[in-house]
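K.L.:
Need coordinates for the below:
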Amino acid sequence: MTDTDPAQSKAELRATALAQRNALAAEERAAKSARISGHLAALLFEETPTILAGYWPIGSEADIRAALRGLAELDVQLALPVVVDGRVVFREWAPGWPLYPAGFGSMGPPPEAETRVPDTLIVPVVGFDKAGHRLGYGKGFYDRAIAELRGNGGKPRLVGVAFAAQEVPSIPDEPHDIRLDDLVTEAGPVSFSQGRVS
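P.N.:
Coordinates of the predicted model:
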């Protein structure tokens with residue numbers, strides 16, 4: 001690989017962003033997650049989704065469970081991602097329901113839970129830049145899931161979630177990359193979609 005190889009650049013940026021996220025103390029991470037949940041709930045209240053796919057946090061990811069509980073009280077139908085045969089599917093879930101290992105160290109609904117097609121997708125972000133490009137964990141699960149939703153005629157709103165410390169200068173934009181519509185950090189929401197106000 002050369003210095004200009006996007007994969008190498010992304011690997012380096014991913015390592016930097018993860019190190020910055022992991023460096024946040026547990027108390028600071030909890031306080032910032034609470035602010036993120038508040039901003040996220042307010043953003044989604046403006047354009048309430050019908051089916052919202054959230055995520056169950058792993059490691060040092062921002063914890064958005066408070067936002068999910070609040071949106072459930074507004075009768076938003078929730079789903080969580082589960083890895084099945086190497087692809088991500090979204091299964092129905094509600095606060096209080098039991099959770100099971102869902103792949104990639106996360107938790108999600110059991111196999112008997114109904115599969116849902118979300119109109120809004122909350123995407124955990126490893127790193128992001130000011131243009132709305134995101135870095136995931138490098139396995140492409142979300143890119144493929146979003147491409148599949150779009151291939152089936154869906155147009156899910158993509159809302160990234162991260163701590164402000166995870167911002168990197170610029171992420172190489174490859175053909176398969178999918179830009180976020182919105183990003184929420186503890187500082188508030190930012191919109192990357194034309195015509196969308198945050």
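
K.L.:
Could you use CA atoms for every contact and neighbour count after this?
P.N.:
Fine.

K.L.:
and the residue nearest the centre of the chain, what are its phi and psi?
P.N.:
Taking Cα atoms, centre = their mean as the criterion, V123 is the residue nearest the geometric centre of the chain, at 1.3 Å. Note on V123: its backbone torsions stand at phi -110, psi 120 [degrees, to the nearest 10].

K.L.:
wait, what's in contact with it?
P.N.:
Applying Cα atoms under 8 Å, 6 or more residues apart in numbering, we find V123 in contact with G54, Y55, Y142, L158, V159, G160, V161.

K.L.:
quick one: low-confidence parts of this structure?
P.N.:
1-8, 175-176, 194-198 (pLDDT under 70).

K.L.:
circling back to that earlier point, show me what the residue nearest to the centre of the chain bridges to in the sheet.
P.N.:
G160 (DSSP bridges).

K.L.:
gap between it and M107?
P.N.:
15 Å (Cα to Cα, to the nearest Å).

K.L.:
just to revisit the earlier point, which member of the contacts of V123 is positioned nearest D182?
P.N.:
V159 (4.7 Å; Cα to Cα).

K.L.:
quick one: the closest one and D182 touch, right?
P.N.:
Yes. Taking contacts as Cα atoms under 8 Å, V159 lies within contact range of D182: 4.7 Å.

K.L.:
Those two: which is more packed in?
P.N.:
Ranked by neighbour count (other Cα atoms under 10 Å), V159 and D182 place V159 first, with 25 against 22.

K.L.:
and the more buried one, what does it touch?
P.N.:
V159 neighbours (Cα under 8 Å, 6+ apart): T120, L121, I122, V123, L180, D181, D182, L183, V184.

K.L.:
just I36 next, same as before
P.N.:
A62, I64, V161, V184, T185, E186, A187, G188.

K.L.:
these two touch, right, the second one and R35?
P.N.:
No. I64 lies out of contact with R35 (Cα under 8 Å); the separation is 9.4 Å.

K.L.:
Return the distance of the lengthiest helix in the chain from the chain's centre.
P.N.:
Longest helix in the chain, counting residues (DSSP state H): helix 26-46. Its chain's average C-alpha position is 13 Å from that of helix 26-46, according to Cα atoms, centre = their mean, to the nearest Å.

K.L.:
Next SSE downstream of it?
P.N.:
Using DSSP states H and E, the helix or strand that directly follows helix 26-46 along the chain is strand 51-53.

K.L.:
could you say what helices and strands that next one packs with?
P.N.:
strand 77-84, strand 120-124 (3 or more Cα pairs under 8 Å, 6 or more residues apart in numbering; DSSP states H and E).

K.L.:
Would you mind identifying the next helix or strand past the last one?
P.N.:
Reading on from strand 120-124 to the C-terminus, the next helix or strand found by DSSP H and E is strand 127-128.

K.L.:
which other residues reach the very next helix or strand once past that next one?
P.N.:
Tracing the chain past strand 127-128, the next element assigned as helix or strand by DSSP H and E is strand 134-135. Residues outside strand 134-135 that contact it (Cα under 8 Å, 6+ apart) are K10, R14, V125, V126, G127, F128, G160, I171, I178, R179, L180.
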